[in-house]
Every structure is written in C-alpha cells, then in structure tokens.
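Colleague: Any chance you can model this:
(chains A and B, ligands or ions: 2)
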Number of protein chains: 2
Amino acid sequence: MKNRIRNKSLRDKIISADEAAAIIKSGMTIGCSGFTPSGYPKAVPLALVEKAQGEDFNINILTGASVGSELDGALAEAGLINRRYPYQSDKNLRSSINSGDVKYSDIHLSHFPQNIRYGHYGDIDLAIVEAIAITEEGWIVPSSSVGAAPTFLKEAEKIIVELNLKQTLDLEGVHDIYQLADPPEREAISLVQADQRIGSPYIKIDPKKIEGIVITEIEDEISFAAYQDDISNKIASHIIDFLEAEQQAGKLPKELLPLQSGVGAVANAVLSGLCNSNFENIKFYSEVIQDAVLELIDCGKIDIASGTSITLSESGKKQFKENIDLYKDKIILRPQEISNNPEIIRRLGSIAINTAIEADIYGNVNSTHIMGSRMMNGIGGSGDFARNAYLSIFVTSSVAKGGKISSIVPMVSHVDHTEHDVDIIVTEQGLADLRGLSPQERAVEIITKAVSPLYKDKLLDYFERAKNRGGHTPVKLNEALSWHQRYIDTGTMK
Amino acid sequence: MKNRIRNKSLRDKIISADEAAAIIKSGMTIGCSGFTPSGYPKAVPLALVEKAQGEDFNINILTGASVGSELDGALAEAGLINRRYPYQSDKNLRSSINSGDVKYSDIHLSHFPQNIRYGHYGDIDLAIVEAIAITEEGWIVPSSSVGAAPTFLKEAEKIIVELNLKQTLDLEGVHDIYQLADPPEREAISLVQADQRIGSPYIKIDPKKIEGIVITEIEDEISFAAYQDDISNKIASHIIDFLEAEQQAGKLPKELLPLQSGVGAVANAVLSGLCNSNFENIKFYSEVIQDAVLELIDCGKIDIASGTSITLSESGKKQFKENIDLYKDKIILRPQEISNNPEIIRRLGSIAINTAIEADIYGNVNSTHIMGSRMMNGIGGSGDFARNAYLSIFVTSSVAKGGKISSIVPMVSHVDHTEHDVDIIVTEQGLADLRGLSPQERAVEIITKAVSPLYKDKLLDYFERAKNRGGHTPVKLNEALSWHQRYIDTGTMK
Ligand SMILES: CC(C)(COP(=O)(O)OP(=O)(O)OC[C@H]1O[C@@H](n2cnc3c(N)ncnc32)[C@H](O)[C@@H]1OP(=O)(O)O)[C@@H](O)C(=O)NCCC(=O)NCCS
Ligand SMILES: CC(C)(COP(=O)(O)OP(=O)(O)OC[C@H]1O[C@@H](n2cnc3c(N)ncnc32)[C@H](O)[C@@H]1OP(=O)(O)O)[C@@H](O)C(=O)NCCC(=O)NCCS
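Modeller: Residues are numbered from 1 along each chain as shown, chains lettered A, B, ... in the order given. Ligands and ions are numbered 1, 2, ... in the order given. Below you'll find the model as predicted:
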C-alpha cells in the first residue's frame, strides 16, 4: 500500500465500499471518473445499489463519457438515477432515458467540464474517482482514463477515491493533466503538436477533501475488439484511397494530419488499413485509444497516440501489459477538455472520422436518435471534432436492419451535425466529397456515390420531385420524414 | 495621390474600371473584399456588368460575407454568377440562389478563409480588394472592413485594387492583420484579451501581383439604422434582466464577458439597453460594428469594440467621422478568421446573441431557410459564435407574418444550430433557459416562456401527443413538419 498511497496520513482514510456508499445521500450531484468502460468507479456504485435499491433515492450522475455497467447499468436498473450528463452507451440506462425515467442531456464532451465550472448544472456534492495511486502530496494518479475527473475533483465538495489495485502502476507518467482557467482569465493552450506534454502527470487536489479511499480490485469491463466485417473494410478502403489521392494532389503531407476516429468496427478497419498505406509518422489525436492503435504502433506507422482513455479488448490488454515500455512512450492521456478542445483540433487540423446513424441527401448527419425519438448514445465528442477538423468525415453502412432501412434518407429525423460541418460521407458503396458543393450538387454526389442500389432510384425520384417545389434546398415537407414513418408502420423503408 | 499610393512605381498601375473589368475572364474564381455593405469593390463589378451583360459569361464570386448591391445585386441580376460563397443577403442574388441559377453554399465565416487555403474550392484567379491606401512597401491598407481580404490577396494569382477616395484615410491604424499559418505549422493565437493587437495595420502582399489600381469615389451602400420596435425592446429587456440576474448570482463579472451580437433591430436594442444597465467596461468582440456600438462608446460603457467591419447608417457615418479620434482608440478591425475564431471565442468566453428564423420545442434553431427550402441569407458567423460561446443566446419574434407563422414549431424545417449549441431562446414573450435540461424539460420551458399565446395550446397539445409515442425526444414524424405545410397550403399555421 505504501506504493499506492504515498501520503502516510491518507492511509487512515481507507474505508469500505459500504462506508463510502453511506456518504451518498439522495439528491446529490456526483461527478465520476470514467470515459468509455475505462477508469470509472465500480465498487462504490455497486455498494450503493445494495444500499439504496428499492428506496426512494436518486442522484444525478455526471461522468466524462460512457462508463461500464457497474455504474450506469446497475444504477439505472435499480432506478437510482435522476439526471445523467453528458454521454452514455448502456442498455439499461438507454431504456430509462427513452422511457423518460432518467433526465438525460447529451452534451459536447469538450464543453461539459467548463459548463460544470460555469455552474450550468449546479453544485457538485461529491466526486468519485478511480486512481492507481495517491502521491506524497495527496494528488491523484488517474487510471486508464482521465475524462472530466480533474474538474470533478476541483469542483466537488467531497472526494471518494477508488484505488484500483488491478490497474497497473505502470500507467504512472502516461497522463498529462493541464487545467484551463476560465474566462476572463483563460490563456492560450500551448499545445501545438500532438505529442507535446503541457501539464503534470498528477491531478493536483486539496487532499483535505478526501472523505474516504476505497481499495478495490474490480477490473474495467472488457471491451470487445470490434469485428471488422466486409462493410467496414470497404468503408476503410474508400477512406484510405481518398487520403492517398489527397496526398498525391499535394493537399496532405506524408504524415497526414492528426487523426481522430470514433470507436468501433470502421475505426478499427481504417486504422488497420493504414498499416498497409504509404503514410508514415502518423499522429493520432483522438479520444479513445483502442486495439487498432496498438497495432499501428506495432507496425511502426504511428508516432504518438494522444487520447483521454485507453479502452482495450482482453487480448489488447495482454498485449499492452507485455509491452508497456514501448507503448508508454507513445501514449498520452489528457483531460477530455484538452483531447477534444476546439482550439487544439482546429490548430492541429485534425482528420476526423465519426460514425453516423443516418445522413440525408444534403449532408446533415444524425448521430444520436433512432427514428427521430429514441436516444441511442449521444453526440459524445463527435461534434467537437467534426466542427473543428481540417476534414470532417462521416461513415455509415448504406443500409441498416438487413436492408429494411436506408441510412441515407430525404431528411434525417434528428440533426447533430449540420451540412456545414460535414465534408465527406462514406458508405461501403463509395465516398461522397461534398466540399464546395451547393445543396443540390451534394444531393447528386451523395445519391450517386453512397446510397445502396436498393434505395438509389427511390431517393433520386424524391429529389427530382422536391426540385419541382423549388428553393435552394428543395424539401417536400409532407414527404421528407415519410420514409421513417413507413419503417415504423410497415417494418421497411422500401 | 501621393498619400494614397505611397509607392511611386505603383502609381503607374492606375487603370480605369473598364480596363480592370477586361482582365476578368469567364470561368474565373474571384475573391473580393467586403463584409456587409462595407469595404467591397464597387467600380469594377459595375464595369464588368456593362461589359459582360448578355454574354455567355460567368464567374465564381467569393467574399468575406454579404456585400452591397453593386457587387452581389448587379452581378446576379445580369446573370454573371456561377458559384457564390460563403454568405449573402441580397434580394436579387437570393432569387438566383433559390431558382438554382447560382450555386451557393453557406459556410461558417471563420472556416471559409482556411478552406480556401486548403484548396477546398480550387484556385483563386483574381482578388479585387478595396483599399484606402497602398504603403511604400506596396502593402494594402484596407477600408471599412477586413473580412477574408488577407487570404484572397495571398492566394490570388493577380490583384486589382479599388482605391476608394471617399473612404477616410483616418481609418489607417484601425486594422490589426494577423494571418494564420496552416496545419501542421499553425501556432497558438496570442490574443487573450478583446483589446489586444497581435498583427500589423497593413495587409502584406507581393506588390508584383497587382495588375491594376482603380481609383473610385463610390461610397459604401448606406446601411439603414435598424428600427427598434416594441418587440425588439422587449427581447432586449429580457436579455438584460437575465444578464443582471446572472451577475447578481455571481456567475458573470461586472464587465460581463465579451459580447457578440448579430446585426439588426434586436441587436441594436440590446446594445442601447446596456447604456442603462449596471454593467461597466464592457468588451465587444463581434463581427460588425454598427450604430449602437458607437452609442455604447458614447455612453462610456464600452472599453473596446473589436470586429471585422464597420457598418453604419447615414447618421452613424457622420457621427463616426466627426469623432474619429475618440472612436479610433476603441475600435479594432481584424480578419474574419480572427474575429470569428473558435479558439478566441471559446477562450474569451463570449456572450453570443444571434437571430433565429425559427426554433423548435427541443431547442434546435433554423437561421437560414424559409419553410425548409428557400434560402434567406446563410449561416454567416452565427455558428462560429454560438458553438463556442460561454452563453449562446438566440432571439426571434414569437410570430412572423402578422401571427400567421409561429416562430416556435414542433420541428424546425432546417437545422443550423443543434440543441447542443443553444443555451437560451428569447422572444418578446420571455426567456427560456435551456441549460442542463433534458429535451422534454426544454419543451416545457420553451412553450411556457417563449411561445405566443396564439400557438401555446396548439404546441402543448402536439407535445403531449408526441410524448405518447415515447422516446427521449418525442417526435410525431407525420406531424412534425405539418405546421409549415399548413402555412404553405392555407397561408397560416393556425
Ligand atoms: C452512431 C453510433 C450509434 C453507431 O454505432 P455503431 O455501433 O457503429 O453502429 P451499429 O451499426 O451497431 O448501430 C447501432 C444501432 O443503430 C441501428 N441503426 C444503424 N443505422 C440505423 C438507421 N439508419 N436507422 C435506424 N437505426 C439504425 C442499428 O441497427 C443498431 O441498432 P441495434 O443495436 O438495435 O441493432 C455510435 O457511433 C455513436 O454513438 N456515435 C456518437 C458518438 C460519437 O460519434 N463518438 C465518437 C466521437 S470520438
Ligand atoms: C435570421 C435572419 C434572417 C433574421 O433577419 P431579420 O432581418 O432580423 O429578420 P426579419 O424579421 O426581417 O425576417 C426576415 C424574413 O424572414 C421571415 N421570417 C421570420 N421568421 C420566420 C419564420 N418563423 N418562418 C418563415 N419566415 C420567417 C420574415 O417574414 C422576413 O421575410 P420577408 O423579408 O419576406 O418579410 C438574419 O439574422 C440572418 O440572416 N441570420 C443568419 C446569419 C447571422 O446570424 N449572422 C450574424 C452572426 S454575427
């Protein structure tokens, strides 16, 4: 324990998970570490469920982004969540959100920490943060993610630390914690290269706020290595062909520009594909460091991987542990306010690759809602990157539900990324390059390049008839959302 | 002329507007200075219309933002425009855009210059830029706006200067020209306070590119001082009450945070209203410096007004000329890439006030399209500010067309600013504060606070029935756009 709690007097603060859960009162607003199923508190939430289940008890849960089921899933199932910000991807929580039981608001991940400090969401009563160690000074060494933990620790009245012995101490030194002052005192962020360190490896806190330290050995939920299917491979190869052509045209350097990619199959396929590309000394400046990033480090293509969390599969974790020294040199974990910061993303000129649920013929993208109403996950960091990138690329399979749904529609049923923030749309069918096109030209480009043959004629027919109505962006108001309604009524958009 | 063209050899380059127009060939892409009817070329476009009207001739016109009718109006009417970026507000051009004759794409104003340099729109053949003088070195002293002129001058193969003798030489020194390097070489922008100067008063160019200098005395089109009616005064007082309450709650300093506001009646009413508020030493960091900004300087409330153009009414111009020394000290004109830069806006923590055409019950905003299809003006800089502000406020009258249209609808017919980027919606009815609310809570807040009594029950009824469908953001797909369709069919949304 000496190694893990280096400040002697803090060792007296060790308490059980049950004792920690007893600190939590109904009505509290609680900020938890965690970003994807990585680095989130597990023992205390599970103890809380034991304690509070069935009672008239609820709390507001704030995190960095999505977290594992021990936190979101268990609390939602027990009906203990009142409000939840800024992102989630949990099955149980999703149902509670869609039934209206949980008041959820999905918020740009880079905005979220500053909004907390601005007081947009009221006071933070408690921070629960996973750590691998506490320093002599009483500062926190985060575990596999940073997320919004620095802000929660700063703003919360009290702190509970989950000290996780299963998280390797080797992670120490990977983090780079830089905290922003708020306007009117904010300075320029000095980061101008993806591999730069601008902060401290520790989260500096006032150790007097620590109410308890819970020792735990519950591991992060396993993230399944995304399955690379035929569709994701096709999308990836369209993207790589495009980037190579841009490079040949002198528009991109041999090192590309810093890459951002969402998680999942397509992201994995693109990253793997880059191992066989012409590009070299690539920089990865993104949110989540997933298996394929390790692969890119292994094949020598990547110089630096900067993110706010490491989220690996079972085999990825093994690989990471065995080669920790190699990887440690190339990985930096930052607060999400820095990984996703518009100032940095715009300055670096990111190439952003994010996933759409659906897109429309004019280039608007829906990343969050199924058939307009049902929340899937949330906008997450996609807007931070898409809005500020050098190139904003969105990917989606051209159809969903075995062809019953076209992922390109006359009008998206919800807009998360407007036509102004989408440069390129890619499906397995092809790549539509929208830069500089008028809405009507975009429609032709998208329909010819990206739509499934199942829906191409139908969409062209809609577009031609809409044009008869006239206007810059022709829309048939009584038909624009009829494809979705037809799917709801008949089970297919056909 | 010695004072105006200080480099002797450049005086040989003086040509007539007709000679300049002869340089313009069909198919060219031309970048023009100008931002609002301020500082745009006038003589050469008018000569071009004379020359090319009726011929099979067209060009692509790029500007900073909207410009006066001598450029957009005359060229559009003569059918000489093929493509047009990134913003406009001209009656003739609007028709040509909506008829499909002009291929228009409205683009975030801060993105536009870098997109040009990135090559997203192809090569720039010619820059036509209004100046008040050319320095000894052959550099340009811009006139009443900066806009995207620095980028056009840098990227264009050839340059025509319109030297406007009616623009006062006193403007020299007002400009602060800082030009960004592009990724991967971009540095942090050192501006951390609204009143900071970080560049040069001149646009440095390669004088060898100057093909001709046209001497002109055509004045900028007069901008009419926006009429402050009862509605705009009510909206303004809701906003000022809100800001005062935020300040009393300790959330805003006595100096506020830097203000941005669109142009027009509400903006003028808010700015005038601030003269009678508690706030002091206000900083204005925006795009356009309009009459009411002079008023705020006069009443001693404003420390600095930073923008990219000065756009005044007849009387405003007189006032400006007569007190130039006073105003010069407090005004800075920057390239739009700096005035609208997300890095700066986020750092400064702007309070952004922009106008919506319509908003929906979940907080999405349409700034551009009438009934989904017809382009009004374009997104302009509203997204640059709304997306990065400390507080993003949208204003609109609760009804349009004498009550036949509700400006709050079940679903906006076009989305320019998503629910994620809208904190506050204000109509003359009241102010809806959406921060931290779930979509369903937002609907209640908006309907109770901001909707006209004419449409309140109708909108509540829609919302209640949508809720029966369920989901996080309940939408009745077959009804969401029916209010707009009803207006088209019957002339009213009632
Ligand atoms: C958009 C997003 C949901 C896609 O996730 P994914 O796992 O790649 O996509 P899937 O193909 O598994 O689709 C997810 C679900 O949406 C459904 N779906 C996909 N396209 C659809 C469409 N056009 N219409 C309706 N449903 C659709 C799928 O059927 C699946 O539903 P199911 O779970 O009931 O089977 C996910 O990327 C996301 O949440 N993005 C937003 C946040 C973000 O981009 N973060 C990264 C920033 S760094
Ligand atoms: C939104 C915008 C068009 C409003 O302009 P405005 O002059 O304040 O608004 P008006 O009330 O005069 O409305 C303009 C037109 O839209 C119509 N309109 C207004 N609300 C409407 C609605 N809800 N539905 C349909 N039409 C509507 C008006 O009737 C008027 O039409 P008309 O010219 O045929 O009479 C204008 O602010 C704009 O272009 N904004 C986008 C760019 C921007 O915000 N720039 C500032 C960034 S710094």
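Colleague: The one helix or strand in chain A whose mean pLDDT sits lowest: which residues count as buried?
Modeller: Least confident helix or strand, chain A: helix A:265-274 with a mean of 88, by mean pLDDT, DSSP states H and E. For helix A:265-274, a neighbour-count test (16 or more other Cβ atoms under 10 Å in any protein chain shown) marks A:Ala265, A:Val266, A:Ala267, A:Asn268, A:Ala269, A:Val270, A:Leu271, A:Ser272, A:Gly273, A:Leu274 as buried. Using the backbone N, CA and C atoms, a C-beta is placed for each residue, glycine as well.
Colleague: can you count the residues close to the residue nearest to the last one when sequence neighbours are not counted?
Modeller: Excluding the flanking residues, the one nearest A:Leu274 by Cβ to Cβ, 6 or more residues apart in numbering or on different chains is A:Lys301, at 5.8 Å. For A:Lys301, the count of nearby residues is 20 (other Cβ atoms under 10 Å in any protein chain shown).
Colleague: Hmm, A:Asn276 and A:Lys301 touching each other?
Modeller: No. The criterion here is Cβ atoms under 8 Å, and A:Lys301 misses it with A:Asn276 at 9.3 Å.
Colleague: where does chain A have low pLDDT?
Modeller: Along chain A, segments meeting pLDDT under 70 span A:225-227.
Colleague: give me that answer again for 80
Modeller: Within chain A, the stretches with pLDDT under 80 are A:223-228, A:264.
Colleague: how far does the least confident helix or strand of chain A sit from the chain's center?
Modeller: Relative to its chain's centre, helix A:265-274 lies at 17 Å (Cα atoms, centre = their mean, to the nearest Å).
Colleague: Give me the distance from the helix or strand following it to the chain's centre.
Modeller: Using DSSP states H and E, the helix or strand that follows helix A:265-274 towards the C-terminus is strand A:282-285. Here strand A:282-285 is found 17 Å from its chain centre; the criterion is Cα atoms, centre = their mean.
Colleague: Could you do stretch A:461-477 as well?
Modeller: 36 Å.
Colleague: Identify each buried residue in it, please.
Modeller: By neighbour count on 16+ other Cβ under 10 Å, the buried set for stretch A:461-477 is A:Tyr462, A:Phe463, A:Ala466, A:Gly471, A:His472, A:Thr473, A:Pro474, A:Val475, A:Lys476, A:Leu477.
Colleague: Tell me which residues are up against it.
Modeller: Applying Cβ atoms under 8 Å, 6 or more residues apart in numbering or on different chains, the external contacts of stretch A:461-477 come out as A:361-362, A:410-411, A:438-440, A:443-444, A:447, A:479, B:97-100, B:104, B:369, B:371-375, B:413-414, B:481-482, B:484-485, B:488.
Colleague: For A:Ile24, give me phi and psi.
Modeller: A:Ile24 has phi and psi values of phi -80, psi 120 when expressed as degrees, to the nearest 10.
Colleague: ok, it - how many residues close by?
Modeller: By other Cβ under 10 Å, 23 other residues sit near A:Ile24.
Colleague: For ligand 2, give me its nearest residue in the stretch 251-400 of chain A.
Modeller: Proximity of the stretch 251-400 of chain A to ligand 2 (Cβ to the nearest ligand atom) peaks at A:Arg387, 16.1 Å away.
Colleague: For that residue, which residues are in contact?
Modeller: So A:Arg387 contacts A:Pro342, A:His417, A:Asp421, B:Pro342, B:Arg387 (Cβ under 8 Å, 6+ apart).
Colleague: Run the contact check for the helix or strand encompassing A:Gln114 versus chain B.
Modeller: Here A:Gln114 sits within helix A:111-118, counting by DSSP H and E. Yes. Under the criterion of Cβ under 8 Å from any Cβ of the partner chain, chain B is reached by helix A:111-118 at A:Asn115, A:Tyr118.
Colleague: again with stretch A:20-31
Modeller: No. Stretch A:20-31 lies apart from chain B when judged by Cβ under 8 Å from any Cβ; the minimum separation is 10.4 Å.
Colleague: Please apply the same query to stretch A:166-178.
Modeller: No. Contact of stretch A:166-178 with chain B (Cβ under 8 Å from any Cβ) is absent, the minimum separation being 13.1 Å.
Colleague: quick one: buried residues of that stretch?
Modeller: Neighbour-count burial for stretch A:166-178, counted by 16+ other Cβ under 10 Å, picks out A:Gln167, A:Leu171, A:Glu172, A:Val174, A:His175, A:Asp176, A:Ile177, A:Tyr178.
Colleague: again, but for stretch A:273-286
Modeller: Buried residues in stretch A:273-286 (16+ other Cβ under 10 Å): A:Gly273, A:Leu274, A:Ser277, A:Phe279, A:Ile282, A:Lys283, A:Phe284, A:Tyr285, A:Ser286.
Colleague: Return the closest of these with respect to chain B.
Modeller: Checking those against chain B with Cβ to the nearest Cβ, the nearest one is A:Lys283 at 8.5 Å.
Colleague: pull the CA atoms of the longest strand that chain A contains into CSV?
Modeller: Taking DSSP state E as the criterion, chain A has its longest strand at strand A:126-134. Extracted C-alpha coordinates of strand A:126-134, given in CSV (Å, rounded to 0.1, in the frame of the first residue of the first chain):
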residue,chain,number,x,y,z
LEU,A,126,-19.2,14.5,-4.4
ALA,A,127,-16.5,13.2,-6.8
ILE,A,128,-15.8,9.5,-7.1
VAL,A,129,-12.6,8.9,-8.9
GLU,A,130,-10.7,5.8,-9.8
ALA,A,131,-6.9,6.1,-9.2
ILE,A,132,-3.9,3.9,-9.4
ALA,A,133,-2.1,5.8,-6.7
ILE,A,134,-2.1,8.9,-4.4
